[in-house]
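1. Take this sequence and fold it.
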Amino acid sequence: MLQLSNIARMLDEKEKDIVEALYKDLSKPELETFISEISTAKSSCKEALEGLKQWMIPQKVKTSIATFPSSAEIVSEPLGVVLVISTWNFPFLLSIDPVIGAISAGNAVVLKPSEIAPATSSLLAQLVEEYLDSSAVKVVEGAVPETTALLEQKWDKILYTGSARVGRIVMAAAAKHLTPVILELGGKSPAIVDSDLDLQVAVRRIIAGKWALNNGQACIGVDYIITTKDFAPKLIEALKDGLEQFFGKDPMNSKDISRIVSSTQFARLVKLLEEDRVSDKIVLGGQTNEKQLKIAPTILLDIPEDTQIMNEEIFGPLMPIVTVDKIEGSFDVIKSRPKPLAVYVFTNNEQLKKSFVENISSGGMLINDTVLHVVVAGLPFGGVGESGMGSYHGKFSFDGFSHKKSVMYRSLSGDSTLRYPPYTPEKEKLFKAALSGNIFRIILASIGWVALTPVPRAMQQSPVHSV
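-> Take a look at the predicted model:
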């Protein structure tokens with residue numbers, strides 16, 4: 001509890017330093033930093049502080065008549081020493097949030113921040129040393145060599161946030177020591193836009209889940225939009241108007257939008273944009289400034305499916321729009337790709353909402369908004385398939401970093417000889433009657449009146465359990 005209290009104090013006392021570090025790394029607007037990183041971390045810490053005593057209480061479990069008299073429970077215990085490998089797009093939150101979960105479960109933690117966000121990495125090392133017990137949490141800075149060296153060690157659990165490519169490397173390294181992993185990856189998270197909706201509200205929420213969210217550099221951000229051919233022109237015009245309202249006529253000079261994190265990521269995005277059969281599909285934006293590491297919000301229409309931009313996570317301000325004849329055609333588009341980390345559906349059609357929930361598999365799903373599902377305390381955050389494995393946030397973090405130990409209690413008095421040799425026909429009858437849980441059959445067996453054949457249905461009673 002002391003370490004969690006110290007994290008809460010750190011978040012209050014060092015808010016300005018955190019804002020400055022994130023501006024250096026990503027040019028994140030101050031309000032966006034507070035909402036998406038600081039405030040969310042504070043909420044996680046508060047939830048752990050308020051819920052930890054309840055989370056730690058052993059969970060009682062019913063036992064059967066076969067073990068009578070007995071009681072049982074599930075006891076949560078720490079795994080040991082945990083490695084957290086963070087990422088650069090939300091470099092503060094995605095470092096601190098898993099640490100909160102790991103130490104709330106009683107583990108020691110080694111945190112490896114991303115070297116691609118050097119100001120935040122340096123700040124984390126400084127703050128952890130200043131506020132936390134070095135025997136509980138340590139920070140190791142560095143790049144690939146340091147991460148490789150860490151992965152060669154034996155850990156009791158590893159949480160990695162990043163790409164599927166590196167996720168495979170982490171999982172392979174963990175397998176050598178049979179170390180369990182939580183992999184928070186990503187993928188191409190679509191937004192399906194039906195024509196039956198309030199378009200202005202939908203557009204604002206899509207922009208908030210793309211360009212106003214670290215300029216598209218977010219694993220849960222909208223990667224592409226699916227809508228009908230007939231509705232696409234209206235949607236594009238609404239997006240143009242919405243982007244101008246948010247970022248002005250010249251978004252390249254807006255102070256309300258983040259820059260691209262590095263020259264490497266900038267070059268990757270420009271390459272996606274300049275590929276043959278892609279550049280001529282731009283309907284808005286496309287401007288770039290390598291010196292400032294800025295790319296304007298860009299909308300592209302009906303890019304060929306075999307292009308690179310349609311086959312890898314974009315992680316930037318480029319937004320393809322895929323059109324289908326009927327909105328139900330979006331099911332096939334989504335199912336043709338690996339399962340995404342999130343799916344967003346905008347519609348007032350109740351049947352369509354139900355169909356998406358029942359038929360589309362994804363890490364999470366949000367109807368008529370974007371991103372906000374990750375701040376709901378009672379919902380787990382995690383992927384499925386290519387988008388990751390395992391989950392965390394709140395109680396799910398505590399569970400994810402705990403071993404659930406099965407414990408049963410029995411008395412040494414009242415020991416039955418039924419389970420012990422020699423095995424007699426009478427014991428067999430009574431044992432089978434006891435396992436059936438049928439009171440009537442147990443009574444008959446105990447006085448020798450029951451056969452080895454099943455009891456008629458009319459004589460059966462409900463099973464009996466004891467706690």
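
2. Tell me which helix or strand A72 sits in.
-> Assigning secondary structure by DSSP states H and E places A72 in strand 70-78.

3. So what are the sheet partners of that strand and their directions?
-> Paired with strand 70-78 in the same sheet, following DSSP bridges, are strand 59-61 (antiparallel), strand 402-410 (antiparallel).

4. For the stretch 251-400 of the chain, which segments count as strands?
-> With DSSP state E, counting those that start in this stretch as the criterion, the stretch 251-400 of the chain has strands at 282-284, 288-289, 294-295, 298-301, 318-324, 342-346, 364-367, 388-389.

5. Which other helices and strands does the third one contact?
-> Other helices and strands packing on strand 294-295, by 3 or more CB pairs under 8 Å, 6 or more residues apart in numbering; DSSP states H and E, are helix 263-274, strand 288-289. Just so you know, the C-beta spots here come from the backbone N, C-alpha and C atoms, and that holds for glycine as well.

6. what would these look like in TSV with mean neighbour count?
-> Converted to TSV, those look like this (neighbours: other CB atoms under 10 Å):
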stretch	mean neighbour count
helix 263-274	16
strand 288-289	16
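
7. Export those to JSON lines and append columns for distance to E129.
-> Shown next, in JSON lines, are the helices and strands packed on strand 294-295 (distance: least, CB to CB, whole Å):
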{"stretch": "helix 263-274", "distance to E129": "29"}
{"stretch": "strand 288-289", "distance to E129": "37"}
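
8. Those: which one's closest to V81?
-> helix 263-274 (31.9 Å; CB to CB).

9. Around R419, how many other residues sit close by?
-> Neighbourhood size, R419 [other CB atoms under 10 Å]: 11.

10. how about low-confidence regions in this structure?
-> Applying pLDDT under 70 to the chain flags residues 437-467.

11. Quick one: list the elements packing against the longest helix seen in it.
-> Assignment by DSSP state H gives helix 39-56 as the longest helix of the chain. Applying 3+ CB pairs under 8 Å, 6+ apart, one finds that helix 39-56 contacts helix 2-13, helix 93-104, helix 395-400.

12. at 6 Å what do you get?
-> Counting contacts by 3 or more CB pairs under 6 Å, 6 or more residues apart in numbering; DSSP states H and E, helix 39-56 is packed against helix 2-13, helix 93-104.

13. Work out the gap between the last one and the centre of the chain.
-> Okay, so that is helix 93-104. Offset of helix 93-104 from its chain centre (CA atoms, centre = their mean, to the nearest Å): 13 Å.

14. before we move on, back to that, so which of the strands paired with strand 70-78 is nearest I96?
-> strand 402-410 (19.1 Å).

15. what comes into contact with the closest one?
-> 70-77, 79, 105 (CB atoms under 6 Å, 6 or more residues apart in numbering).

16. What subset of these is buried?
-> For the contacts of strand 402-410, a neighbour count by 16 or more other CB atoms under 10 Å gives the buried set as 71-72, 76, 79, 105.

17. farthest-separated two in those?
-> Farthest pair in the buried ones among the contacts of strand 402-410 (CB to CB) is S71 and L79. Separation: 25.5 Å.

18. Can you show me the helices along the stretch 201-350 of the chain?
-> For the stretch 201-350 of the chain, the helices defined by DSSP state H, counting those that start in this stretch cover 232-247, 263-274, 330-335, 350-359.

19. residues contacting M389?
-> Taking CB under 6 Å, 6+ apart, we find M389 in contact with L183.

20. Test of understanding: give the bridge partners of it.
-> With DSSP bridges as the rule, M389 is bridged to L183.

21. just to revisit the earlier point, of all the helices of the stretch 201-350 of the chain, which one comes closest to E146?
-> Of these, nearest to E146 by CB to CB is helix 263-274, at 18.3 Å.

22. Just give me how far the closest one sits from the chain centre.
-> Counting by CA atoms, centre = their mean, helix 263-274 is centred 27 Å from the centre of its parent chain.

23. what angle sits between it and strand 318-324?
-> 30 degrees (axes from the mean of the first three to the mean of the last three CA atoms, to 10 degrees).

24. hmm, back to that, got CSV for the strands paired with strand 70-78, with mean neighbour count and distance to I236 too?
-> Formatted as CSV, the strands paired with strand 70-78 follow (neighbours: other CB atoms under 10 Å; distance: least, CB to CB, whole Å):
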stretch, mean neighbour count, distance to I236
strand 59-61, 11, 52
strand 402-410, 13, 48
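
25. Please identify which of those strands is closest to P180.
-> Closest to P180 of the strands paired with strand 70-78, according to CB to CB: strand 402-410, at 9.7 Å.

26. Keeping just the C-alphas, turn that closest one into PDB.
-> Presented in PDB, the C-alpha positions along strand 402-410 are these (Å, rounded to 0.1, in the frame of the first residue of the first chain):
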ATOM      1  CA  SER A 402      -1.200 -13.100  -9.100                       C
ATOM      2  CA  HIS A 403      -1.100 -16.800  -8.800                       C
ATOM      3  CA  LYS A 404      -4.500 -18.200  -7.900                       C
ATOM      4  CA  LYS A 405      -3.700 -20.900  -5.400                       C
ATOM      5  CA  SER A 406      -6.300 -23.600  -4.700                       C
ATOM      6  CA  VAL A 407      -6.600 -24.400  -1.000                       C
ATOM      7  CA  MET A 408      -8.900 -27.000   0.700                       C
ATOM      8  CA  TYR A 409      -9.300 -27.500   4.500                       C
ATOM      9  CA  ARG A 410     -10.300 -30.800   6.100                       C
END
